[in-house]
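Student: When you get a sec, could you give me coordinates for this:
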Amino acid sequence: MIAVLAHVLALLGAGHSPGRAWREAAGVPTTLAASPSRASLDHLVAGPRDARAADAIIAVGRLSADVGAPVAEALARLQGTLEAEEELASERSAALAGPRASARVLTWLPIAGLVLGAAIGADPIGVLADGGIGSTVMLAGLGCHLLGRAVTGRLVRFAERAGDDP
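Tutor: Residues are numbered from 1 along each chain as shown. Below you'll find the predicted structure:
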C-alpha cells in the first residue's frame with residue numbers, strides 16, 4: 001500500500017489530478033472528492049496493516065476535500081506515518097527473533113538430553129519410566145516445560161502486539 005501511495009504522490013507531483021493519479025497508480029476509480037472508495041482499494045489489501053492504510057487513505061482524501069486542504073500534502077504526511085509504522089514493525093520482528101529462537105532451542109533441549117544420555121550409555125528412558133522418583137521428576141519437568149512454553153509464547157505474542165491499535 002505504501003508503494004501505491006508513493007506512486008500516487010509522484011503522479012500528483014507531476015501535475016496529474018488526484019482522480020487520474022489513483023487510476024494510473026492503482027487502477028481504481030475515484031469520486032469527485034478524489035478519494036478512492038474502500039471497495040476499489042480491496043484488491044490492494046494484503047493484510048490488516050494494509051486495511052488500516054486503505055482506511056487512512058480514504059479518510060485523508062475525504063478530510064482534504066471537506067476542509068479544502070491540498071490532498072498531496074496530506075497524503076505525503078500519511079505516507080511518512082505509514083513508513084514509520086512499517087519500520088517499527090520490522091524492528092519489532094527483528095527484536096523478537098532472538099526470543100523465538102531461544103524458545104525453539106529450549107523446546108528441543110530435553111529431547112536432546114535424552115538422546116545424549118542414551119548415546120553415552122545411560123538409560124534415561126528407563127529411569128524416567130521406572131514408576132518411582134524418576135517418573136515424578138519427569139512429570140514435574142514436563143509440567144515446568146509446558147508452563148515455560150506457554151509463558152514464553154504469551155510474552156512473544158504480547159510483544160508482537162505492543163503498539164498496535166486495539
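Student: So the closest residue to residue 123 other than its chain neighbours versus residue 111, what's the distance?
Tutor: Excluding the flanking residues, the one nearest residue 123 by CB to CB, 6 or more residues apart in numbering is residue 117, at 7.9 Å. For every residue, glycine as well, the C-beta is placed using N, CA and C. Using CB to CB, to the nearest Å, residue 117 is found at 11 Å from residue 111.
Student: With neighbour numbers in mind, choose between those two.
Tutor: Remark: of residue 117 and residue 111, residue 117 carries more neighbours, 15 against 9, as counted by other CB atoms under 10 Å.
Student: any idea which element the residue nearest to residue 123 lies in?
Tutor: Here residue 117 sits within helix 71-119, counting by DSSP states H and E.
Student: which secondary structure elements does that helix contact?
Tutor: helix 2-13, helix 48-67, helix 124-128, helix 133-161 (3 or more CB pairs under 8 Å, 6 or more residues apart in numbering; DSSP states H and E).
Student: Going by neighbour count, list what's buried in the third one.
Tutor: The neighbour-count criterion (16 or more other CB atoms under 10 Å) identifies 124, 128 as the buried residues of helix 124-128.
Student: quick one: contacts of that helix?
Tutor: Residues outside helix 124-128 that contact it (CB atoms under 8 Å, 6 or more residues apart in numbering): 113-114, 117-118, 134-135, 137-138.
Student: Put the alpha carbons of that helix into CSV.
Tutor: This file holds the C-alpha atoms of helix 124-128, laid out as CSV (Å, rounded to 0.1, in the frame of the first residue of the first chain):
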residue,chain,number,x,y,z
PRO,A,124,17.3,-42.0,30.8
ILE,A,125,14.1,-43.6,29.5
GLY,A,126,14.3,-46.4,32.0
VAL,A,127,14.9,-44.0,34.9
LEU,A,128,12.1,-41.7,33.8
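Student: From the chain's centroid, how far away is it?
Tutor: Remark: helix 124-128 is offset 43 Å from the chain centroid, using CA atoms, centre = their mean, to the nearest Å.
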